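Asker: This is the structure alone, sequence omitted:
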Ligand code: DGT
Ligand code: CA
Ligand code: CA
């Protein structure tokens, strides 16, 4: 699929036409065709191969002129009209025009007055305080331009996933056709489906590694060979994308695939698990001394750590978040910390979510082993209360967790009677340990739901469900007065930070303050207790 690439070509032409001035409908026509091509499910190159220009013209918005340009591009990798335009208007100016806050008019002024032809020139001019002197620009605009350049620079070094993906697929297909290849796969950020990729990483096994390297560097798409070794090479293919290849030993296929898929932090995390077991983990395998523990399959690598195979898309930063949170809890001197991710909303397929939760538990189990004696991580969930008071996870899943927080995140406008009935039903669920942010109010943006809190407190006292004093800045819910009422009704309470990032654990002091306003003492606050007693309460 080269649709994204072809669309980009048309967008570029549209931009240049716009800079040029003239008929303002032409750029619109190019953009419309670009959008169609971008969105259509069929491969534009395939259509073109099958039916040439006439077939292209059947695509919505593609007229004679545009079809001719797409045809030339697919045949020659270049387009006369674009070459002409860039002779007249520096190509780099298109990027200037696309900077946030600029546009064809302003870019054109910058070019004509200061001779700016690309972003580099513009940066120099802005840093040299030349922009502010231009009529209609000023100091503020100059600063905005510098901010926009920074944003641009961050985005520039990377290629959109949709552009790189089909190129990577073609590379793999090409290699299979042109060299003796046993296994071939794409690794790196592309396999992790990151929205942009720095380069394309290809892995293969082959009985004849030099032949595989020769095929790779000899691909028609290659514009430049940066490096060609015995078992690895780097090339630049069209659209200025870098591609790396590595030929792996069959016995190291799984380890290499895992290693070169990354991301780096995920790898570092796995390596720390290996070190904790006295093993060594690298791109060749897991080793205990000389003995190879795993390496030929990726599943085997994860299984060695007692982990399920983790889908590449999830090898991003979930582990980091978890670790950062736990580290922050250790730094605060906590004996234990509860991690409770949200339950799936109704729309998401149940199976997958149960799977994700299982993986989450496995990660925490591994981390607990590693941290034995330092802190204990409890695996919980913040489970949505559905219509009618059912919980978003079935009992078989909740049973496996250390604790369950239940809370309302939908249907805020039920009548008091309906809402109370819904919540009380949820609290009766034997797995419901804590009822979070009971009134659901958000300070400054959402009123409390209509809920008979007295009835809810009575139900909570009966079912042994703790009510939450939520320390999150705009929640602070229950507040002091309600917390006191809950205490008088014989309820237990839990002071939680509702942290979604480790920096938020520090909000605990505000929750403690609220609880004190409600005359609470440690004996009524379950997370003031030692771990054994808390576990007993949750059971
Ligand atoms: P990218 O290309 O910037 O979009 O991101 P990646 O993740 O594809 O990074 P890349 O191509 O530099 O390397 C591919 C994978 O190889 C990377 O995700 C993890 C692994 N890797 C590369 N360098 C190191 C390293 O120094 N240490 C560790 N542990 N892993 C590395
Ligand atoms: Ca990469
Ligand atoms: Ca790479």
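Answerer: All right, it came through fine. Please read all numbers here as calculations on a predicted model, not as lab measurements. Ligands and ions are numbered 1, 2, ... in the order given.
Asker: List phi and psi for residue 406.
Answerer: Per-residue torsions, residue 406: phi -120, psi 150 (degrees, to the nearest 10).
Asker: nearest spatial neighbour of it, skipping sequence neighbours?
Answerer: residue 432 (4.6 Å; CB to CB, 6 or more residues apart in numbering). Every C-beta, even on glycine, is put in place using the N, C-alpha and C of the backbone.
Asker: what does residue 214 give?
Answerer: In space, residue 214 comes closest to residue 179 once its chain neighbours are excluded; the distance is 7.3 Å by CB to CB, 6+ apart.
Asker: what's near enough to touch the closest residue to residue 374 other than its chain neighbours?
Answerer: Excluding the flanking residues, the one nearest residue 374 by CB to CB, 6+ apart is residue 330, at 5.9 Å. The contact partners of residue 330, taken as CB atoms under 8 Å, 6 or more residues apart in numbering, are 371, 374, 375.
Asker: Show me what the longest helix along the chain is packed up against.
Answerer: As assigned by DSSP state H, the longest helix anywhere in the chain is helix 350-370. Counting contacts by 3 or more CB pairs under 8 Å, 6 or more residues apart in numbering; DSSP states H and E, helix 350-370 is packed against helix 264-276, helix 318-331, strand 336-342, strand 376-384.
Asker: among these, which is nearest residue 525?
Answerer: Of all those, it is strand 336-342 that lies closest to residue 525, at 13.7 Å by CB to CB.
Asker: tell me the secondary structure for residue 468?
Answerer: strand (DSSP: H, G, I helix; E, B strand; the rest coil).
Asker: ok, how many other residues are close to it?
Answerer: 25 (other CB atoms under 10 Å).
Asker: In contact with it, which residues are there?
Answerer: Counting by CB under 8 Å, 6+ apart, residue 468 has contacts 405, 434, 435, 436, 437, 438, 477, 478, 493, 494, 495, 496.
Asker: so of those residues, which ones are in strands?
Answerer: Of the positions in the contacts of residue 468, 405, 434, 435, 493, 494, 495, 496 sit in strands, assigned by DSSP state E.
Asker: re the thing from before, now, which of the contacts of residue 330 lie close to ligand 2?
Answerer: When CB under 5 Å from the ion is applied, no member of these is adjacent to ligand 2.
Asker: Name the member of the residues you listed that has the highest neighbour count.
Answerer: Neighbour count (other CB under 10 Å) singles out residue 375 as the most crowded of the contacts of residue 330, with 19 neighbours.
Asker: Leaving out chain neighbours, which residue sits closest to that one?
Answerer: Using CB to CB, 6+ apart and skipping residues adjacent in sequence, the residue nearest residue 375 is residue 330, 5.1 Å away.
Asker: And for residue 494?
Answerer: residue 466 (4.5 Å).
Asker: got a pLDDT number for that neighbour?
Answerer: In this prediction, residue 466 carries a pLDDT score of 98.
Asker: pretty sure it is touching residue 434, no?
Answerer: Yes: if you go by CB atoms under 8 Å, residue 466 and residue 434 touch, sitting 4.7 Å apart.
Asker: Identify the contacts common to those two.
Answerer: With CB under 8 Å, 6+ apart, residue 466 and residue 434 have common neighbours 494, 526.
Asker: For the stretch 101-250 of the chain, what lies in contact range of ligand 1?
Answerer: Contact residues, the stretch 101-250 of the chain versus ligand 1 (CB under 6 Å from any ligand atom): 188, 189, 194, 197, 198, 199, 201.
Asker: Okay, and which of the residues you listed map to strands?
Answerer: By the criterion of DSSP E, membership of these in strands covers 197, 201.
Asker: Let me know the angle separating the longest helix of the chain from strand 336-342.
Answerer: Angle, helix 350-370 to strand 336-342, by axes from the mean of the first three to the mean of the last three CA atoms, to 10 degrees: 160 degrees.
Asker: Any buried residues in helix 350-370, and which?
Answerer: By neighbour count with 16 or more other CB atoms under 10 Å, helix 350-370 contains the buried residues 353-354, 356-357, 359-364, 366-368, 370.
Asker: For the stretch 301-450 of the chain, which residue gets nearest to ligand 2?
Answerer: Across the stretch 301-450 of the chain, no residue is closer to ligand 2 than residue 312, which sits at 12.2 Å (CB to the ion).
Asker: where's that residue relative to residue 261, distance?
Answerer: Residue 312 sits 5 Å away from residue 261, going by CB to CB, to the nearest Å.
Asker: if we can go back for a sec, with respect to residue 414, which of the ones in strands among the contacts of residue 468 is nearest?
Answerer: Nearest to residue 414 among the ones in strands among the contacts of residue 468: residue 435, at 16.1 Å, using CB to CB.
Asker: Which pLDDT value goes with the closest one?
Answerer: 98.
Asker: Please report phi then psi for the nearest residue to residue 388 once chain neighbours are set aside.
Answerer: Distance criterion CB to CB, 6+ apart; nearest residue to residue 388, sequence neighbours excluded, is residue 422 at 6.3 Å. Listed backbone geometry of residue 422 is phi -60, psi -50, with angles given as degrees, to the nearest 10.
Asker: where does the residue nearest to residue 480 when sequence neighbours are not counted land on pLDDT?
Answerer: Of all residues not flanking residue 480 in the chain, residue 517 sits nearest, at 2.8 Å (CB to CB, 6+ apart). Residue 517 carries a pLDDT score of 94 in this model.
Asker: how close does residue 517 sit to residue 481?
Answerer: Look at residue 517 and residue 481: by CB to CB, they are 8 Å apart.
Asker: wait, does stretch 292-304 contact ligand 1?
Answerer: No: figure legend: stretch 292-304 not in contact with ligand 1 (CB under 6 Å from any ligand atom); closest approach 13.2 Å.
Asker: which residues does whichever residue of the chain sits closest to ligand 2 contact?
Answerer: Closest residue of the chain to ligand 2, CB to the ion: residue 188 (3.2 Å). Shown in contact with residue 188 (CB under 8 Å, 6+ apart): 197, 198, 199, 200, 201, 244, 260, 261, 262.
Asker: quick check, nearest of the residues you listed to residue 166?
Answerer: Proximity of the contacts of residue 188 to residue 166 (CB to CB) peaks at residue 200, which lies at 10.7 Å.
Asker: Name the helix or strand for the residue lying closest to that closest one once chain neighbours are set aside, please.
Answerer: Distances taken as CB to CB, 6+ apart put residue 243 closest to residue 200, at 4.2 Å, once the chain neighbours are dropped. Secondary structure from DSSP states H and E places residue 243 in strand 241-248.
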